[in-house]
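Colleague: sequence-free structure coming up:
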């Protein structure tokens, strides 16, 4: 599949998930919206969950690529803030939060690896990068249940500055 067609399918998947949620999105819906055959999609993705996993990776890594990691604290706080407002993440958390559970409880995903590869040189080593990722993930997904948005950003900044000895 060409990269143009690949991105068109991911764009269509994003549109379907935003409109219907993951559970109500079908590969047929995505194919129709992308203007490709179902077989084109089935050759690359056997099910909607696999397609959405690739979509999430593209979206989250895209957010990370926009960050200036010269200041890792500011980059992490901005990344968490941006992801917290990201329409796709908001829709998944609202309508299909169980989709995130494997990445929180059982396995490291492609997005985790991409984030770690950016964080590791910025914070000095792999162990610190993993700790920062875990903290950022908790502030992204669980933080809003405890604190308001401005407080979240301030607390995350304080915590990261203390941890990274700034």
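Modeller: Happy to help now that I have it. What you see is a predicted model; the values in this text were computed from it and never measured.
Colleague: where does this structure dip in pLDDT?
Modeller: Applying pLDDT under 70 to the chain picks out residues 1, 166.
Colleague: For it, just list every one of the helices.
Modeller: Applying DSSP state H to the chain gives helices spanning 3-20, 27-34, 38-44, 48-65, 72-85, 87-95, 101, 110-123, 126-141, 149-163.
Colleague: Grab the most central residue of this structure for me.
Modeller: Nearest residue to the geometric centre of the chain (C-alpha atoms, centre = their mean): residue 60, 3.5 Å.
Colleague: distance of the nearest residue to it once chain neighbours are set aside from residue 140?
Modeller: Sequence neighbours aside, residue 111 is the residue nearest to residue 60 in space, at 4.5 Å (criterion: C-beta to C-beta, 6 or more residues apart in numbering). To be clear about C-beta, it is placed using only N, CA and C from the backbone, and glycine gets the same treatment. Distance of residue 111 to residue 140, given as C-beta to C-beta, to the nearest Å: 12 Å.
Colleague: ok, residue 120 touching residue 129?
Modeller: Yes. Counting by C-beta atoms under 8 Å, residue 120 touches residue 129, with 4.3 Å between them.
Colleague: So for those two, which sits in the more crowded spot?
Modeller: residue 129 (20 against 17; other C-beta atoms under 10 Å).
Colleague: Touching, that one and residue 119? I think so.
Modeller: Yes. With contact defined as C-beta under 8 Å, residue 129 reaches residue 119; the gap is 3.8 Å.
Colleague: Residue 159 against residue 132, yeah?
Modeller: No. If you go by C-beta under 8 Å, residue 159 and residue 132 don't touch, sitting 9.6 Å apart.
Colleague: More neighbours: the two, which one.
Modeller: Under the neighbour definition other C-beta under 10 Å, residue 159 and residue 132 were set side by side, and residue 132 has more, 24 against 17.
Colleague: dump the residue contacts of the more buried one.
Modeller: Counting by C-beta atoms under 8 Å, 6 or more residues apart in numbering, residue 132 makes contact with 72, 76, 119, 123, 160, 163-164.
Colleague: List the buried residues for stretch 94-106?
Modeller: Using 16 or more other C-beta atoms under 10 Å as the test for burial, stretch 94-106 gives 96, 99-100, 103.
Colleague: Now tell me what touches that stretch from outside.
Modeller: Here stretch 94-106 makes contact (C-beta under 8 Å, 6+ apart) with 21-23, 49, 52, 92-93, 109, 111-112, 137, 141.
Colleague: One more pass at 7 Å, please.
Modeller: With contact meaning C-beta atoms under 7 Å, 6 or more residues apart in numbering, stretch 94-106 is reached by 21-23, 52, 92, 109.
Colleague: Good, we can wrap up now.
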